[in-house]
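Asks: whatever this is, show me its structure:
(4 chains, ligands or ions: 4)
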There are 2 protein chains.
Amino acid sequence: MFSQSEENYIKTIYHLAAISDKGISTNAIAKKLETKASSVTDMIKKLSDKKVLVYKKYQGVTLTDFGKRTAANIIRKHRLWEVFLVQKLNFTWDEVHEVAEQLEHIKSPKLIDELDAFLGYPKSDPHGDPIPDKDGNLPQIQKSLLSTLEKSEKGVCVGVNDTSSEFLRFLDKQEIGLGKNIEVLDKEPFDDSFLVKINGKEMTISNKVANNIYIQKS
Amino acid sequence: MFSQSEENYIKTIYHLAAISDKGISTNAIAKKLETKASSVTDMIKKLSDKKVLVYKKYQGVTLTDFGKRTAANIIRKHRLWEVFLVQKLNFTWDEVHEVAEQLEHIKSPKLIDELDAFLGYPKSDPHGDPIPDKDGNLPQIQKSLLSTLEKSEKGVCVGVNDTSSEFLRFLDKQEIGLGKNIEVLDKEPFDDSFLVKINGKEMTISNKVANNIYIQKS
DNA sequence: AATAATTTTTAGGCAAGACTAAAAATTATT
DNA sequence: AATAATTTTTAGTCTTGCCTAAAAATTATT
Ligand SMILES: [Mn+2]
Ligand SMILES: [Mn+2]
Ligand SMILES: [Mn+2]
Ligand SMILES: [Mn+2]
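Replies: Ligands and ions are numbered 1, 2, ... in the order given. Here you go, the predicted model:
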């Protein structure tokens, strides 16, 4: 059984490992968790003792299979709770993260499986991120950043990269969201912005925004 | 904002104060929380500093109005989560306590009110205990211990005193539960047991059991 | 009223998880 | 290759929440 703090470290390392292919550095973990490198060193020593990860001084860390399964399970809980909050309790997609961050640590063999069933076995969370199954398997959806699309390519919005409240509320304001049809009408070389048509409506989108929207091409 | 540990102390003191009318002793708290008296002394000093309770050395403690409101709010969360677990996630009344013990500490302004609405503003939890409103007001139901009823008195089962899994599963086995009609057919002076009719079925009930069932007389 | 038993508090310590400051190792730059 | 910059670790401290053992206060018993 892991403490809340340990679980937050495990989850963070898992997320960082999904991006980089090398060992995850002390500093990267510290930055994500808004803590100090020295605190991270303490914790990764402990997690190494607990066989969650492999650690050699100055070399960064790598999750073991056990560590990966543990992480996937925490993420499964986090995302199922997010679905619950949005679908049953009228939360918006920019409000759920903070609460799910707490709920993901609730320990109960029965709770999560029943919640999963109650929600109808959802495949993804309100941000389009896939929900791991009980064994930690994560269905990978084929998706591309909007910023990588060429002129006249189109598809459906299936996820976001940045899940901050600010960005999500910005998308709401622009009426951009999961399931929306998006077509690239033109790319502006000057500032790398995009002219797009979203559900019939034309608009200009900055490169920064395009870099945080995932599209499933059609 | 209170820590989980602080919240558990506050809730426990509130429950103890509901029984006794004097100040709550260090030992009573320690016993309920399965901790040591010295730990309790440490904590009540801290809670006294935080204006949750009034403490004079060797005199026991009394919750302030603020402390009572805080306690009622934790209990509100605990009981609403219990309702959720039973009504939505197929938990039985003997399974909910442990999980609710964790869920009651989740901090979210929005979460509990939405949960309350989602559940249809329930008035009591799966054990028949009343759910405090947002201001901490606790509706008091008129109820009597089955053991205090006289021969030929009758009513409806509205609550239990002992909420241990063992007792609740025993009641399930005997098909005794909330909402059941109970009539005292006879009292046996030899062992203070009760001959009762529960939803039409006659059975004998020990004094110990009768001491843990609440009846609303009719 | 004195003594015994019980309760409560104090004193001192420990583990978890954070921090700062300094040392050591690694990586980048000249 | 030597030096500078950066990253990481170590050493030492702090707070929270718990513990044991001993001292102090209260309550019960003779
Ligand atoms: Mn978390
Ligand atoms: Mn999410
Ligand atoms: Mn609790
Ligand atoms: Mn209950």
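Asks: which bits of chain A sit near ligand 1?
Replies: For chain A, the contact set with ligand 1 under CB under 5 Å from the ion comprises A:Asn8, A:Glu101. In this view, the C-beta of every residue, glycine as well, is placed from N, C-alpha and C.
Asks: quick one, domains of chain A?
Replies: As assigned by automatic domain parsing, chain A contains the domains A:4-63, A:144-217.
Asks: work out which residue lies at the spatial centre of chain A.
Replies: The centre of chain A sits closest to A:Asp129, judged by CA atoms, centre = their mean, with a distance of 5.8 Å.
Asks: how about the contacts made by that residue?
Replies: A:Arg79, A:Gly159 (CB atoms under 8 Å, 6 or more residues apart in numbering or on different chains).
Asks: for A:Leu80, same thing?
Replies: A:Leu80 neighbours (CB under 8 Å, 6+ apart): A:Ile112, A:Leu115, A:Asp116, A:Leu119, A:Pro122, A:Asp125, A:Ile131.
Asks: filter those down to just the buried residues.
Replies: A:Ile112, A:Leu115, A:Asp116, A:Pro122, A:Asp125, A:Ile131 (16 or more other CB atoms under 10 Å in any protein chain shown).
Asks: mind putting these into CSV with secondary structure, distance to ligand 4 and pLDDT?
Replies: As requested, these are arranged in CSV below (DSSP: H, G, I helix; E, B strand; the rest coil; distance: CB to the ion, whole Å; pLDDT from 0 to 100):
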residue, secondary structure, distance to ligand 4, pLDDT
A:Ile112, helix, 21, 98
A:Leu115, helix, 20, 98
A:Asp116, helix, 25, 98
A:Pro122, coil, 29, 97
A:Asp125, coil, 31, 98
A:Ile131, coil, 30, 98
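Asks: farthest pair within these?
Replies: A:Ile112 and A:Asp125 (13.8 Å; CB to CB).
Asks: show me which residues of chain A sit near chain B.
Replies: Within chain A, the residues that sit near chain B (CB under 8 Å from any CB of the partner chain) are A:85, A:88-91, A:95, A:98-99, A:102-103, A:106-108, A:110-111, A:114-115, A:118.
Asks: return the residues of chain A in contact with ligand 2.
Replies: A:Glu82, A:Asp125, A:His127, A:Asp129.
Asks: hmm, A:Cys157 and the third one touching each other?
Replies: No - using CB atoms under 8 Å, A:His127 is not in contact with A:Cys157; the gap is 11.0 Å.
Asks: what sits in contact with each of these two?
Replies: A:Leu178.
Asks: please enumerate the strands of chain A.
Replies: Under the criterion DSSP state E, chain A contains strands at A:53-55, A:61-63, A:144-145, A:154-160, A:181-188, A:193-198, A:201-205, A:213-217.
Asks: mind listing what the longest one pairs with, with the direction of each?
Replies: Each strand that strand A:181-188 pairs with, and the sense of that pairing, follows from DSSP bridges: strand A:154-160 (antiparallel), strand A:193-198 (antiparallel).
Asks: which one in chain A is furthest away from the centre?
Replies: Farthest-from-centroid check, chain A (CA atoms, centre = their mean): A:Phe190, 30.9 Å.
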